[in-house]
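return atomic coordinates for the entry below.
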Amino acid sequence: MPKLLLLACTIFLLPATQAQKVAKLKITILSTMLADTHGVGEWGFSALVETDSTRILLDVGGRPTTVRDNAAELKLDLGGIQQVILSHNHFDHTSGLTAIRQRFPDGKTLSTAYIGAGFFLRDTVPVGMRTPDSLAYTASGGRFTVVERFLKIAPGIWLTGPVPRKYPEKNYPLNRHIHTAAGTREDNVSEDMSMIIETPKGLVLLTGCGHAGIVNIMDYVQQQFPGQKITAVIGGIHLLDTPDEQVAWTAGKLKDAGIQYFIGAHCTGINATYKIRELTGLTKTTCLVGAVGMTFDLDHGITTGWLR
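Sure, this is the predicted structure:
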């Protein structure tokens with residue numbers, strides 16, 4: 001895996017003082033544990049981001065065909081989406097990459113995959129946790145682009161790159177280690193990165209698992225966009241096995257940030273999402289457990305099927 005770094009280009013860019021904001025935004029969950037009236041659930045995550053200027057996929061699910069098939073059932077065409085963000089190198093976020101490329105053999109679909117610095121360090125992983133064959137992806141013409149720090153990838157859309165860990169959050173699987181040239185160390189998923197979408201109504205934060213810690217991510221984002229509020233937090237937040245006191249602390253930080261919408265998908269945990277709803281003062285229409293087919297947009301907030 002590390003040799004694939006030779007195929008990647010590294011980006012060093014910071015936000016501009018004035019950035020074009022997204023006027024129209026719709027985020028649709030394509031992979032998570034629960035399914036609503038369409039699709040199937042799985043241990044994984046994926047979301048389709050559609051704006052007035054572009055369409056981008058964040059993560060590609062835990063099984064090769066889940067995102068491809070769920071999108072088809074939801075009547076969403078993934079063909080022609082050139083950019084895919086792999087939030088981190090865990091199988092439940094990367095497994096659909098080759099299957100989607102094969103479904104749309106136009107050479108353009110998912111032709112650029114953005115990955116955080118350190119993505120390929122995880123060359124020794126437990127059985128069943130291996131990522132898809134990235135050599136097959138590059139052989140098909142796909143290109144990995146390594147993100148070192150904040151990067152604008154489309155009008156009003158940014159990637160954090162790896163996030164500084166200011167607070168001692170450990171929102172990642174414990175007791176795992178990674179082998180590097182410098183020796184063995186704790187695997188804290190250092191490559192974990194998130195997407196930020198600038199809108200007239202505030203910033204929308206989209207995460208795959210939030211392994212860097214959602215408070216660390218918010219703090220880093222607010223440093224890059226001083227004076228702009230975070231309106232929505234959507235995605236996997238990895239609080240499912242977190243002690244109650246840390247969930248309460250996290251909820252307090254979300255409340256302090258003025259979050260108006262929260263979708264806790266994938267590894268957030270059902271109980272943790274309900275606790276966040278309670279402690280932030282959000283409601284059953286503004287703070288929900290994520291499900292396949294659930295959407296968020298600027299005009300209507302969160303839209304569900306039968307699940308509430």
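
residue 284 - nearest residue in space that isn't next to it in sequence?
Nearest-residue entry for residue 284: residue 308, 6.0 Å, with adjacent residues in sequence omitted and distances by Cβ to Cβ, 6 or more residues apart in numbering. For every residue, glycine as well, the C-beta is placed using N, CA and C.

pretty sure the one you found is touching residue 289, no?
No. Because the distance of 9.2 Å does not satisfy Cβ atoms under 8 Å, residue 308 is recorded as not touching residue 289.

who's more crowded, these two?
The residue with the greater number of neighbours, taking residue 308 and residue 289 and applying other Cβ atoms under 10 Å, is residue 289; the counts read 22 against 11.

can you pull the pLDDT of the more buried one?
Turning to residue 289, the model gives it a pLDDT of 98.

enumerate every residue touching it.
Under the criterion of Cβ atoms under 8 Å, 6 or more residues apart in numbering, the contact list for residue 289 reads 34, 263-265, 268, 270, 273-274, 307.

mind running it again at 7 Å?
34, 264, 270, 273 (Cβ atoms under 7 Å, 6 or more residues apart in numbering).

and those, which is closest to residue 301?
Within the contacts of residue 289, proximity to residue 301 (Cβ to Cβ) peaks at residue 264, which comes in at 15.2 Å.

setting the sequence-adjacent residues aside, check what's closest to the closest one.
Nearest residue to residue 264 in three dimensions, chain neighbours excluded: residue 273, at 3.4 Å (Cβ to Cβ, 6+ apart).

pLDDT wise, what is residue 6 at?
At residue 6 the predicted local confidence, pLDDT, stands at 37.

count the neighbours of residue 143 for me.
Residue 143: 13 surrounding residues under other Cβ under 10 Å.

roughly how far apart are the residue nearest to it when sequence neighbours are not counted and residue 37?
The shortest distance from residue 143 to any residue other than its chain neighbours is 5.5 Å, reached at residue 112 (Cβ to Cβ, 6+ apart). When Cβ to Cβ, to the nearest Å is the yardstick, residue 112 and residue 37 sit 33 Å from each other.

same deal with residue 28?
Between residue 28 and residue 37 the computed distance is 13 Å (Cβ to Cβ).

more neighbours, these two?
A direct count of neighbours by other Cβ under 10 Å for residue 28 and residue 37 places residue 28 higher, at 20 against 13.

can you confirm the more buried one is in a helix?
No. With DSSP: H, G, I helix; E, B strand; the rest coil as the criterion, residue 28 is strand rather than part of a helix.

contacting residues around it?
With contact taken as Cβ under 7 Å, 6+ apart, residue 28 is in contact with 47-48, 74, 76, 295.

who does it bridge with?
Listed beta-bridge partners, residue 28: residue 48, residue 295 (assigned using DSSP bridges).

hmm, back to that, pull the number of nearby residues for the residue nearest to residue 264.
When neighbours are counted by other Cβ under 10 Å, residue 273 registers 23.

now do the SS call for it.
Going by three-state DSSP, the secondary structure assigned to residue 273 is helix.

what of residue 259?
Classification of residue 259 using three-state DSSP returns coil.

quick one, what contacts residue 302?
Residues in contact with residue 302 (Cβ under 7 Å, 6+ apart) are 261, 263, 285-286, 288, 294, 296.

ugh, wrong one, I meant residue 100
Contacts were defined as Cβ under 7 Å, 6+ apart; by that measure residue 100 touches 60, 67-68, 78, 109-110.

low-confidence regions, the stretch 1-150 of the chain specifically.
Along the stretch 1-150 of the chain, the parts satisfying pLDDT under 70 run over 1-19, 122-133.
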